[in-house]
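model this:
(chains A, B, C and D, ligands or ions: 2)
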Amino acid sequence: MQIDQLYQEIILDHYKHPHGRGLREPYSAEVHHVNPTCGDEITLRVAVDGEKVTDISFAGQGCSISQASASVLHELLTGRTVGDALAAHASFTELMQGKGQIEPDEEILGDGIAFAGVAKYPARVKCALLAWMALKDALVRSVEVSDGNKG
Amino acid sequence: MQIDQLYQEIILDHYKHPHGRGLREPYSAEVHHVNPTCGDEITLRVAVDGEKVTDISFAGQGCSISQASASVLHELLTGRTVGDALAAHASFTELMQGKGQIEPDEEILGDGIAFAGVAKYPARVKCALLAWMALKDALVRSVEVSDGNKG
Amino acid sequence: MTTLTIPDGMPQYSEEPRLDVARIRQDFPILSREVNGHPLVYLDSANTSQKPQSVIDAISEHYAMHNANVARSVHTLGTESTEAYEGARATVARFINAPRPEEVVFTKNATEAINLVAHSLASRLGPGDEIVISEMEHHSNIVPWQLLCERTGATLRWFGLTESGRLDESNVEELINERTKLVSIVHTSNVLGTINATARITERVREVGALLMLDCSQTVPHRGFDVVDYDVDFIAFTGHKMLGPTGIGVLWGRYELLADMPPFQGGGSMIETVRMTGTTYAAPPARFEAGTPPIAQAVGLGAAVDYLEAIGMDAIAWHEKELTAYALDALDTVKGLRIAGPKVPVGRGATISFSLDGIHPHDVGQVLDSLGVQVRVGHHCAKPVCERYGVPALTRASFYLYTTTEEVDALVRGLEQVKRMFG
Amino acid sequence: MTTLTIPDGMPQYSEEPRLDVARIRQDFPILSREVNGHPLVYLDSANTSQKPQSVIDAISEHYAMHNANVARSVHTLGTESTEAYEGARATVARFINAPRPEEVVFTKNATEAINLVAHSLASRLGPGDEIVISEMEHHSNIVPWQLLCERTGATLRWFGLTESGRLDESNVEELINERTKLVSIVHTSNVLGTINATARITERVREVGALLMLDCSQTVPHRGFDVVDYDVDFIAFTGHKMLGPTGIGVLWGRYELLADMPPFQGGGSMIETVRMTGTTYAAPPARFEAGTPPIAQAVGLGAAVDYLEAIGMDAIAWHEKELTAYALDALDTVKGLRIAGPKVPVGRGATISFSLDGIHPHDVGQVLDSLGVQVRVGHHCAKPVCERYGVPALTRASFYLYTTTEEVDALVRGLEQVKRMFG
Ligand SMILES: Cc1ncc(COP(=O)(O)O)c(C=O)c1O
Ligand SMILES: Cc1ncc(COP(=O)(O)O)c(C=O)c1O
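Ligands and ions are numbered 1, 2, ... in the order given. Predicted coordinates:
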């Protein structure tokens, strides 16, 4: 296994020039996730308006994989629907848990397909998933909040 | 190593026909000792008059080695001085811890020399020592009591 | 020999699964040893089992080729080691039909597994609360609850035993009541051999909303155990009794219960984040595995489960049942021998404890050892059972998949020799 | 390379004891492995050490020929196993110059050893009492004390660290005072490499009548430790970091202190007598070794100590010192690399943690791994140290008796490669 299958150009690009970094207002929910094995952390905010994810912003510390993952996620999902975001989350999670046996779907994952190689490095899967887990958590909370507002 | 080096005739005799068994009055001290690995127990009383051990009586449950050991001890030390008893205790303990390398002294140990073979069976050394440990404990306590009485 | 017919209403064996003892014995290097000039006759498997070469090799191979710490490294050796460790967890989970591998907590032995649960209850227990055990327990399922009750003021209660060596369930309704917080019972007794029927107890536990723990240390090695089928909350068992290494045990618990439990020991790997001023904890099983875990031991235990499954637990259970029937008959011919525990080969495992009139178990064991026959003597870490049946100590012969009828014969011949010496 | 002159006042080496690295490496089967097409360069010994063939063989041989449970049998196998287990205890005791073998308690790892002591203090501690640790501790020497303080209302206090990575002892008089019940400090830091001077702390501890525990997990493997010479009350260390197996650790404590401590876990082997209504406990060390102990692991640890002693702890310490001096110089040539901890090869062990400007340790570790170089990255189970020096994570290279200067070169070459990719 060559190391550049893991560190694809796209990942290094997103890492060196992250998109969406910095915590922004307004937001519907903020979450803080930690990867206890390595200490990587992310604070992630989503702003949801009706069905639409209007912003995803984040701050944190971590390796190229976790930082690039957050950047990709921002770029891919800002402006899409909550349903799209959850579908992408499911697809990305499946890809990561597939031990390198799953073909990624570019339609759904965009630049996220560059992470296919990560699935072969079990120790790094958690890095790639950190932002995505935070996203799902934040989405669930915003929906709860807006349901609460309705109720 | 033949099993009959462990179970010498003398040991089996003392086991089948124990001397001094049964708890008797009067006594200067009573102790209760347990071998936690196997559950053997002994209650032992000594009667001390001045320097003289006037009686050693005991009750308990245990294997041939521990029962025979108590019987031998009764026979050997009743009527002797506290000093003799402590010397015999020291000599017997040394014999048991000698891993079969020590020549027992019949002058001091009497029938106790039959236990020489036990020293080669580490698991049984505690059985042979149970009564002797109890004896020492009881002697120390009687001396304390009588010192207390004096004081 | 009694023909084995299992009464209606007891679990039946649809066919008779067979195993080839002679071939199995070749997998266990120690079985070709001599002891005191006689071939080794190892009848102490309830104390600890022997290990097949495949388990020994799995451990050596791990140290020689894949050794690294787990869950802490991104490097290749660390990844291999972590996969081996977590793979063993998945293997064990599958073996006991656990819904999730995260429900399997690796401890150092069964004793630690029980202490862990007892400890976790401390903050929720107080005077008026009750814990129920039985008179048949191993010390490891008594002392942790005594310590817990001392600390919290809760009350320890217990099932008594019938003359024939079974749980006395006559007062189950009163014993398990609204005050009961947890019932912890041995599933197979390490002294009497009794396999306890748990249906009535489980039902009552559910009625009053208590928790049920089973000490399966003597069950899992010999017939496996299905945690779903038995509808329990926790079970404990131990690696070294099931062909695995020393230094590893298992606590299985329902995930939602584990997730709700405070940590037991603190340290590396069980944390989420640590500040000098306070710490948050990882999810199970990590929360309960403080410090470097028994990595190579988990690998060895995984190999042991693989070995057991390759032979087949049904075949092992059936082999032991036949052997027990044979042994009960054979021991019946020894005059002055009294068996403590069920005298029929149903509802019991392959562990037979007995006394010989007027001869202390130590002496029995010593003479048998001089003939190469290894049995355990003493209180078997279960003094209350001994006390219940009025004996200070017992001699115990216990069998496993590698035990033969010839070894039972050697035991019986040995006992005759014992009687000649001490009779 | 800097010439190694040890300043006056620091311990001097009377001669330079030598070891033959090339020959030593042949004893470690894993060192001939390849990783990702490159020869294995194992620089993660502070996480866990590799095992020589003699240790692997001792464990296999035990299982294959002498396996039985300990302290419970009169049979030959049980006796052999007990002698092997207690023999290992005596070996370990001699290695740390313990006055009595009974002062050596076998636990499952260093973490359990520390938890055991923390637990034993629970009944004697209350609000107003203080426990003192440091900011340099491994989580295993933080969390047990946090849990203890939570349970008892006692207060946890700690030494800060100086910029150069040493204990800040400036407030020792105030920090350790009449309220202090126990001070527990790491002897060699697993992150910074610092070896803490303990004289002032010991003196102050004795003045106020507190107890002193040292976490020697990173000391015993590399230079041994003399418990009498250091005048301590407890030390903890762990088998797998000193060429021994996983699944075993050691608590050493002064006998009179151990004899006065309540049990930690309850179960088999730690009792004197058990009744349903109450239990009395065995003397140390048995009191603290509930359940079947890590028997084969103790045998393996004994073999590890034998191996270390045959090489000689002085030779090992000197080899590591030279290697550390070499590595500190070599790493100094890597631009953007900052070392956390002492930058001189005195008063420190062979563990070097560092950060590379702007590159996350995960990425450093991953690229190094692709070159066969195994280093640890992350918080090293010591988050407060990382926080103290303002880094979320570090890369750590750690050496042992089998490490060579060529391996240090491979590390440095690898770091240049990392910089090319992420620079
Ligand atoms: C300084 C220090 N203390 C304690 C420990 C804990 O050792 P273990 O994980 O074997 O319990 C370690 C190693 O991880 C350590 O480096
Ligand atoms: C029924 C039972 N429970 C618990 C234990 C304790 O197992 P361990 O000593 O491995 O903790 C044993 C074995 O000794 C046992 O037979």
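
Was I right to think C:Leu258 contacts C:Glu103?
Yes. Taking contacts as Cβ atoms under 8 Å, C:Leu258 lies within contact range of C:Glu103: 6.6 Å. The way it works is simple: take the backbone N, C-alpha and C, and place the C-beta from them, glycine included.

Not counting its neighbours along the chain, what's nearest C:Lys51?
The shortest distance from C:Lys51 to any non-neighbouring residue, by Cβ to Cβ, 6 or more residues apart in numbering or on different chains, is to D:Tyr63 (4.6 Å).

picking that back up, quick one: common contacting residues for C:Leu258 and C:Glu103?
C:284-285 (Cβ atoms under 8 Å, 6 or more residues apart in numbering or on different chains).

And the helices in chain A, which stretches?
Listed in chain order, the helices of chain A (DSSP state H) span A:3-6, A:9-16, A:64-77, A:82-97, A:106-109, A:122-150.

Might you report the residue contacts of the closest residue to chain C within chain A?
Distance from chain C to each residue of chain A (Cβ to the nearest Cβ) is smallest for A:Ala123, at 4.3 Å. Residues near A:Ala123 by Cβ under 8 Å, 6+ apart: A:37, C:73-74, C:78-79, C:82.

helices and strands of chain A: which one bottoms out on pLDDT?
helix A:3-6 (a mean of 84; mean pLDDT, DSSP states H and E).

what helices or strands is it leaning on?
Helix A:3-6 is packed against helix D:361-370, with contacts defined by 3 or more Cβ pairs under 8 Å, 6 or more residues apart in numbering or on different chains; DSSP states H and E.

ok, and does the helix it packs on reach over to chain A?
Yes. Using Cβ under 8 Å from any Cβ of the partner chain, helix D:361-370 reaches chain A at D:361-363, D:366-367, D:370.

Out of those residues, which is nearest to B:Leu76?
Distance to B:Leu76 across those (Cβ to Cβ) is lowest for D:Pro361, with 73.5 Å.

and the closest residue to the closest one other than its chain neighbours, how many residues sit next to it?
Counting by Cβ to Cβ, 6+ apart, D:Pro361 lies nearest to D:Val377, which is 3.7 Å off, once chain neighbours are set aside. Residues lying near D:Val377 (other Cβ atoms under 10 Å in any protein chain shown) number 28.

ok, the closest residue to ligand 1 within the stretch 51-200 of chain C - contacts?
Nearest to ligand 1 in the stretch 51-200 of chain C, going by Cβ to the nearest ligand atom, is C:Asn69, at a distance of 7.4 Å. C:Asn69 makes contacts with C:78, C:81, C:292, C:295, D:44, D:47-48, D:240, as judged by Cβ under 8 Å, 6+ apart.

Try it again at 10 Å.
Taking Cβ atoms under 10 Å, 6 or more residues apart in numbering or on different chains as the criterion, C:Asn69 is in contact with C:77-78, C:81-82, C:85, C:268-269, C:292-293, C:295, D:44, D:46-49, D:240-241, D:246, D:376, D:381.

Just give me the residue right at the centre of chain A.
A:Trp132 (3.3 Å; Cα atoms, centre = their mean).

Now do the contacts for the nearest residue to C:Thr238 once chain neighbours are set aside.
Distance criterion Cβ to Cβ, 6+ apart; nearest residue to C:Thr238, sequence neighbours excluded, is C:Ala110 at 3.8 Å. Applying Cβ under 10 Å, 6+ apart to C:Ala110 gives the contacts C:138, C:140-141, C:215-218, C:220, C:235-241, C:248-251, D:267-268, D:291-292.

Intersect these with the contacts of ligand 2.
Filtering the contacts of C:Ala110 for proximity to ligand 2 (criterion: Cβ under 6 Å from any ligand atom) leaves C:138, C:140-141, C:215, C:217-218, C:238, C:249, D:268, D:291-292.

pretty sure C:Pro52 is touching C:Met242, no?
No. When contacts are counted by Cβ atoms under 10 Å, C:Pro52 is not listed as touching C:Met242 (11.2 Å).

Other residues contacting the least confident helix or strand in chain C by mean pLDDT?
Of all helical and strand segments in chain C, the minimum by mean pLDDT, DSSP H and E falls on strand C:271-275, at a mean of 87. By Cβ under 10 Å, 6+ apart, the residues outside strand C:271-275 that reach it are A:34-36, A:39, A:41, C:263, C:266-268, C:279-283, C:286-287, C:290, D:137-140, D:142-143, D:146, D:379, D:381-384, D:387.

now what about the next helix or strand after it, what contacts it?
Downstream of strand C:271-275, the next assigned helix or strand under DSSP states H and E is strand C:278-281. With Cβ under 10 Å, 6+ apart as the test, strand C:278-281 has contacts from A:34, A:36, C:261-263, C:266, C:270-274, C:287-288, C:290, D:139, D:142-143, D:146-147, D:150, D:156, D:383.

average pLDDT for strand C:278-281?
Averaging pLDDT along strand C:278-281 gives 91.

Partner strands of it, with direction?
Here strand C:278-281 is paired, per DSSP bridges, with strand C:271-275 (antiparallel).

nearest spatial neighbour of the closest residue to chain A within the stretch 201-350 of chain C, skipping sequence neighbours?
Nearest residue of the stretch 201-350 of chain C to chain A (Cβ to the nearest Cβ) works out as C:Glu272 at 4.9 Å. Leaving aside its chain neighbours, C:Glu272 sits nearest to C:Thr280 (4.3 Å; criterion: Cβ to Cβ, 6+ apart).

which residues does the one you found bridge with?
C:Thr273.

Next, count neighbours for it.
Around C:Thr280 there are 11 residues (other Cβ under 10 Å).

Same question for C:Glu406.
C:Glu406 has 11 neighbouring residues, counting by other Cβ under 10 Å.

Would you confirm that it belongs to a helix?
Yes. The assignment for C:Glu406, made by DSSP: H, G, I helix; E, B strand; the rest coil, places it in a helix.

For it, give me its contacts.
C:21, C:39, C:41 are the contacts of C:Glu406 under Cβ under 10 Å, 6+ apart.

The last one is in contact with C:Thr405, isn't it?
No. C:Val41 sits out of contact with C:Thr405 when judged by Cβ under 10 Å, with a separation of 11.7 Å.

Settle it for me: which of the two has more neighbours?
Counted by other Cβ under 10 Å, C:Val41 and C:Thr405 do not tie: C:Val41 has more neighbours, with 25 against 14.

Tell me how far the more buried one lies from C:Ser370.
Distance of C:Val41 to C:Ser370, given as Cβ to Cβ, to the nearest Å: 12 Å.

Likewise for C:Asn196?
Separation of C:Asn196 from C:Ser370 (Cβ to Cβ): 36 Å.

C:Ile176 reaches C:Phe159, doesn't it?
Yes. Using Cβ under 10 Å, C:Ile176 is in contact with C:Phe159, at 9.3 Å.

between the two, what contacts are shared?
With Cβ under 10 Å, 6+ apart as the test, C:Ile176 and C:Phe159 both reach C:132, C:169, C:183, C:201.

Narrow those residues to those in strands?
Taking DSSP state E, the ones among the shared contacts of C:Ile176 and C:Phe159 that sit in strands are C:132, C:183.
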